Structures are given as structure tokens and as C-alpha cells.
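# got a predicted structure plus its sequence, pasted below:
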Amino acid sequence: MTDIIQLLPDHVANQIAAGEVVQRPASVVKELLENAIDAGATSIKLIVKDAGKTLVQVVDNGKGMSATDARLSFERHATSKIRTANDLFQLNTKGFRGEALASIAAIAHVELKTKQESDDVGSAIVIEGSTIVSQDVVVTPKGTSVAVKNLFFNIPARRNFLKSNTVELRHVIDELHRVALAHPNIGFVMYNNGSESFNLPVSNYRQRIVNIFGNKTNEKLVPVEEDTEILKISGFVVKPEYARKTRGEQFFFVNDRFVKSAYLNHAIVSAFDGLLKSGTHPSYFLNLTVDPQSIDINIHPTKTEIKFDDEHTLYALLRSAVKHSLGQFNIAPILDFERDSSLDTPYNYGKNAKVPTIEVDRSFNPFKEEAQSQARAAAFKRESTAGWENLYVGLESKGTKTHQNLSQVEFESEESTGTLFGDNKTVDKINTTYQLHNKYIVSAIKSGMLVIDQYRAHQRILYEDFLKNMTLKEAASQHLLFPLQLHFSTQDVDIIKQLKTDLEHTGFIFSNVSEELVEIIGVPVSVPESEVSIILEQLVCDVENQIPEAHFSATDLLAKSMAKSLAIKTGQSLQKDEQEHLLNRLFACKEPNVSPSNRKTFITMSVDELDKKFF
Ligand code: ADP
Ligand code: MG
């Protein structure tokens, strides 16, 4: 039989590679800008004609190339940026494949001029469809200029696929924005058909964003900063009220490289949960810095998709950092429970802890009048400053009581706290609570009607309480007359061992945790002895089934699990005072509108909406 396999000639191989790297003029812009940055340029000029179809030229003041390198740079797999396969995981440069110039030269007319600082003269190379037309010595300033003309001149089909100049120019500008946002310390100028269309001087990040997207952007930005061992986050999110109908301004940069990540985008969207009008998307400009070893950039030809070693943790950190910022800057009553307890949570009060401040979201307000919203804010404040500490003391002093009924435990054992409305005139209004189907608590409010889901609301209340206790590490215990012995499998005991310290912070006292036995001599005051085994079983089950992407801290999980076990359930009938108490406690929470598992705790219906129903 005859052999049929042949090696493709270089110019064909280059054209094939070009198909991956160069889809449109904007791809050329990206590659050339990135080369300029890799060359250490501080000032970069981009010149385009006919949206880049006729000309894309990038002029930089970077380190330039020697005559030999200038020639070599057009060879496929010719790169100065990596030497071994291992270097792929230590990347500090944008490029590394050595493919871009070879690919571009295969499908366009390219003119390169370059000079190194130490040389008197530079080199000029003209190359057309992979063929060198000329190489000369030229007088040219330090740096490199690459002009790419007549893109796809030898592949008419590809040229015909290009969109209108408006569309292609949009892509070009998008690429420029991405690169310019990642490098505010580099100046960029862009000329389109002979006139200057962008001039971005060297600046800081905020200024760069404003220079690109306009002065109005400045007031919309909320800074996000987080510095952990595995991830540094810096940048801005745009306040939720400016969220857009289209996914326009969403920028992630990982080690200064623009990347697309639906997964990380989801982290941001979920941090905005409850703050966005439906159908709108948050805008953000976020820079993530990670160890280059922990990412793989070599999974996509255009390098806009990358693989992270530990995506789940990045997700959790990102979400929590954004939530934290939105909360801190008074955007929403957000308390960041999801962050790892070893990070600085708002509950992570040290000895010199400041009295916590409370964030009140004024835009969310079922009670329309400002006066009432202020009263509510004041009520929150009271509860959160003196309130919750007293509440705790209250628990302790009354902890000797033996409570039979769970709801009584919750409702009797606490100090009466600030009411929702703060002043007596309006207090009457909450007295009109009504329990519906042993499931919902309905109350008249100024604007109409409030309906609370009792199970979810109580979970939220207990969850915040447990978290406070755990981070304050001062929970009160109720000692048991006889040690409680519980039997578990070895694996389950392992889980309990891991959570032992956190459990102790909630008030559990263990006298023995051995292979298959857990012996308890003290339980949190809010936990009846009869519930202990259920709580621990539920906890073990929750840890085992922990949703991987959530990556919650053990503390958080424990608080959630205990809240779930102990909350008054649907079906339980509540006395009037219990209903009111639940309502008050819920609105004293930091994040009253959702349950610990992020479901709505209440809804409101305005009189207007009711009126409409009677039409
Ligand atoms: P890569 O960037 O992946 O290395 P390219 O084909 O884009 O591959 O470039 C090949 C080589 O040419 C680079 O490694 C670099 O050494 C050199 N080079 C390209 N553009 C420039 C530039 N603007 N300034 C200096 N050197 C450059
Ligand atoms: Mg390159």
C-alpha cells in the first residue's frame, strides 16, 4: 500500500493556526497590544483604518528586537517567553505560544519595524502571506511597530465573513478596553481613520475606568478589596441601581489578563442577590491575582478562558468580598456569613472590637414614610448595639429555666427588644398580627400587608444568633444532670470531632468524643436536651451533603444546620405575642429578607396591589 500522510508545508500550517488565533481585526489588535505589553511598553499607540480591515498598527516604546529576533518572531512556535513545558505554569506574560505573528503574517501583509535601545539602527521586515518580501536596516525609534494590512487578503471567504465596519470597530474597541483596563499604568492612544478616538493617559484604576466609560461612572463605583493567601481581589462593582439590561461592563482580569468565566460571574450575580431588578445584570471591574501555578491558561486558543485549580474557593471568596463591599458601602443590609470564619467577618470581633454598625437599606422599605423607616433604623440600631449583647445576657440569666416547648424557649428567654416601629403610635400596628394556616404571619403595615414565612424567618433569627455566639466564643451552656451518650459511626464521629471547637462555642460541652461515642455534659441554653441527637445527626448529614460550590465555613454550616433543626416549623401554632416577637426579631436581623439558605422570608403587598386584585 502507498503511504498517504504528508507533513503540511509551513505556510499552510500557519494558515490553519491563524484560523484559531485570528477571527477578525480585533484578534489582531489583541495579539499586538499584548506583545507590546510583554515588551515592557509604557506608551502604546493603536491605529486602525476601516475598522481594522485595511490596517491595524500598534506602535510601542518597549524593548524592541534584535535583527535576528525580528526575523525569528514570524516563525511558528518562536517565542522568547517560555522555554520548557513547566514554564507554562509560571506565566507572567500575555503571550507564550509564539503563534500570533506567524499566524497573522500568513493571512495579511505585515510590516515590522523594531529597534532595541542599545542599537543605533533597527530592522524593517515586510512579509506577505508567510513570504518574506524584504528585510532592511532602518532608522526608527526604540520600540516596535507592527502594521497589519489587508487582513485575509488571501482567504476571500474569511474576509467576506467580516461584519460591517461598525460591528468590527466595536470589537476592536472592546479589545482595547480590556487591555487598557488591565493596565492603567500604561498610556494608550487610538486613532481611527486618521482621527484620535481614545486617549488614555497613565492613571490609577478608578481613573482609567472613568476615562473609558465616562465621568458619570465615578459615583457608581463601589470598591472591592480582599487579600487572602490564595487570592487577592481589587477593583470595583457598580452599585446595583445602575445594573444594566445588557451584560455590558463585566470585566474579570486574572493576573492582568482579561478572562471570561461564567462561573465567577455567577459568584458576583449571587452576591447581588436580592438587589437587582429582574432582567438586569451587575457591572464590575475586578482584578484577581493568584499564583500563576494555580491556573492553566493553555486551554483556549485566545487565552480568554482559563482553568483554576481551586475554583470553588475563588467563587466563595469573590462572592463574599463583593457582598461585603455592597454591605459596607450601605448598599444593602448585608452581612457576609459565607466567608470563611478565619477571614474578617463582621462578627469576627476581637477584644478591641468596635460596636458593630448596622447597614440599613433605605431603598428597601415596606413602610413608606421616611419617619417610619428612620424609626425602624433606630430600632435596628438599638437591637444591634446594646440589644444583642443584652439579649445574650438575658439568655444566660434565664438559662436555668427548663423549657419544654421550643418556641417558648426562643420567645421567653430573650429580652424584649426594640420594636419594629420604635414609637408607641405605630406599635399598635404590629399588634395586628395574624397567623395563617400555622405557616405565615400576616401583619398590617403602613403601605399594605406583610406576610412572613415563620419557619424561614425563625431560621434567619437563630442563624444570626448562633453565628454571633460562635464568633464571640462566649456562649452559655446549660449543664446536664446526667451525661448524654450518643452513638455514631466512626465517620460521623470524625465529622463531629472536626466541628467540636465550633460546637463548644455555641454552648456544647463534650466530656468524651471517642471512636463511636459522643458524650455530652452541657448544651446551649436554647437547645432542649431532647433535640440534641437530632441536631447532631442533622449536622453530620449537612456536612456530608455540603454543596461543593458553596464552600461554606464549618461555622457557617453549623449555624445553618442548628437553625434549621431548632426553628419553629410550619404547622406550629403561635400565640399573638410569639408572632409579634418573631416579627420584631426578624427585622432586627442584619439580613432579614432571606433565610440562611437564601430564600425569601417575607413578602409585602401594597394596598395598590390589593386594589388591583379587586378590579
Ligand atoms: P508570543 O507572544 O506568544 O511569544 P508572538 O508570535 O506574538 O508570540 O511573538 C513572537 C515573539 O516576538 C515574542 O516572543 C517576542 O519575543 C517577539 N515580539 C513580538 N512582538 C514584540 C514587540 N512588540 N516588542 C518586542 N518583541 C516582540
Ligand atoms: Mg504574542
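Received the coordinates, thanks. Ligands and ions are numbered 1, 2, ... in the order given.
# so who does the nearest residue to Lys576 once chain neighbours are set aside touch?
In space, and not counting its chain neighbours, Lys576 is closest to Thr433: 6.6 Å by CB to CB, 6 or more residues apart in numbering. Every residue, glycine included, has its C-beta placed from N, CA and C. Residues counted as contacts of Thr433 (CB atoms under 8 Å, 6 or more residues apart in numbering) are 441-443, 576, 579-580, 583.
# let me see the domain layout of the protein.
Domain assignment of the chain by automatic domain parsing yields the ranges 10-202, 209-328, 433-604.
# what about the last one, how long is it end to end?
Across its full length, domain 433-604 reaches 14 Å end to end, with CA to CA, to the nearest Å as the criterion.
# one more: the shortest one?
Distance across domain 209-328, first residue to last, is 22 Å (CA to CA).
# sec struct for Ala444, please.
For Ala444, the secondary structure call by DSSP: H, G, I helix; E, B strand; the rest coil comes out as strand.
# for the stretch 451-600 of the chain, what spans make up the helices?
Ranges of helices in the stretch 451-600 of the chain, per DSSP state H, counting those that start in this stretch, are 454-472, 490-506, 532-544, 554-566, 576-587.
# around ligand 1, which positions in the protein sit nearby?
Contact residues (CB under 6 Å from any ligand atom) of the chain with ligand 1: 31, 35-36, 38-39, 60, 62-65, 73, 78-81, 95-102, 144.
# 5 Å instead?
By CB under 5 Å from any ligand atom, the residues of the chain that approach ligand 1 are 35-36, 39, 62, 65, 73, 79-81, 95, 97-98, 100-101, 144.
# picking up where we left off before, what's the spacing between the residue nearest to Lys576 and Ala567?
18 Å (CB to CB, to the nearest Å).
# can you check Thr555 too?
Counting by CB to CB, the gap from Thr555 to Ala567 is 18 Å.
# just read off the phi/psi values of Glu591.
phi -130, psi 70 (degrees, to the nearest 10).
# could the helices of the stretch 451-600 of the chain be laid out in a markdown table, adding distance to Lys113 and mean neighbour count?
Formatted as a markdown table, these follow (distance: least, CB to CB, whole Å; neighbours: other CB atoms under 10 Å):
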| stretch | distance to Lys113 | mean neighbour count |
| --- | --- | --- |
| helix 454-472 | 62 | 24 |
| helix 490-506 | 63 | 17 |
| helix 532-544 | 63 | 17 |
| helix 554-566 | 59 | 23 |
| helix 576-587 | 69 | 21 |
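# could I get these as CSV with mean pLDDT?
Output for the helices of the stretch 451-600 of the chain, formatted as CSV (pLDDT from 0 to 100):
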stretch, mean pLDDT
helix 454-472, 87
helix 490-506, 84
helix 532-544, 81
helix 554-566, 81
helix 576-587, 89
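# closest one to Val121 among the ones you listed?
For Val121, the closest of the helices of the stretch 451-600 of the chain is helix 554-566, at 65.0 Å, according to CB to CB.
# centre of the chain to the closest one, how far?
24 Å (CA atoms, centre = their mean, to the nearest Å).
# what angle do it and helix 490-506 make?
Put simply, helix 554-566 runs at 90 degrees to helix 490-506, going by axes from the mean of the first three to the mean of the last three CA atoms, to 10 degrees.
# closest to Ser123 out of the contacts of Thr433?
The closest of the contacts of Thr433, once distances to Ser123 are taken by CB to CB, is Leu583, at 78.3 Å.
# separation between that closest one and ligand 2?
Distance, Leu583 to ligand 2, using CB to the ion, to the nearest Å: 62 Å.
# look up how far ligand 1 lies from that residue.
Distance of Leu583 to ligand 1, given as CB to the nearest ligand atom, to the nearest Å: 62 Å.
# could you do Phe153 as well?
From Phe153 across to ligand 1, the span is 19 Å (CB to the nearest ligand atom).
# please apply the same query to Asp50.
From Asp50 across to ligand 1, the span is 23 Å (CB to the nearest ligand atom).
# okay but that residue is in contact with Val172, surely?
No - using CB atoms under 8 Å, Asp50 is not in contact with Val172; the gap is 10.6 Å.
# with neighbour numbers in mind, choose between those two.
The neighbour count for Asp50 versus Val172, taken as other CB atoms under 10 Å, is higher for Val172 (26 against 15).
# what is the burial count for the residue in the stretch 251-400 of the chain positioned nearest to ligand 1?
The nearest approach of the stretch 251-400 of the chain to ligand 1 comes at Lys303, 9.5 Å away (CB to the nearest ligand atom). Applying other CB under 10 Å, we find 21 residues neighbouring Lys303.
# pLDDT at the residue nearest to it when sequence neighbours are not counted, what is it?
Nearest non-adjacent residue to Lys303, counting by CB to CB, 6+ apart: Ile297, 5.4 Å away. As predicted, Ile297 sits at a pLDDT of 81.
# please renumber so the chain begins at 719
That works, and once the first residue is 719, the last one we named lands at Ile1015.
# element containing Val819, please.
Heads up, residue 819 is Leu, not Val. Element membership for Leu819 (DSSP states H and E) is helix 818-824.
# any buried residues in that helix, and which?
Using 16 or more other CB atoms under 10 Å as the test for burial, helix 818-824 gives 818-824.
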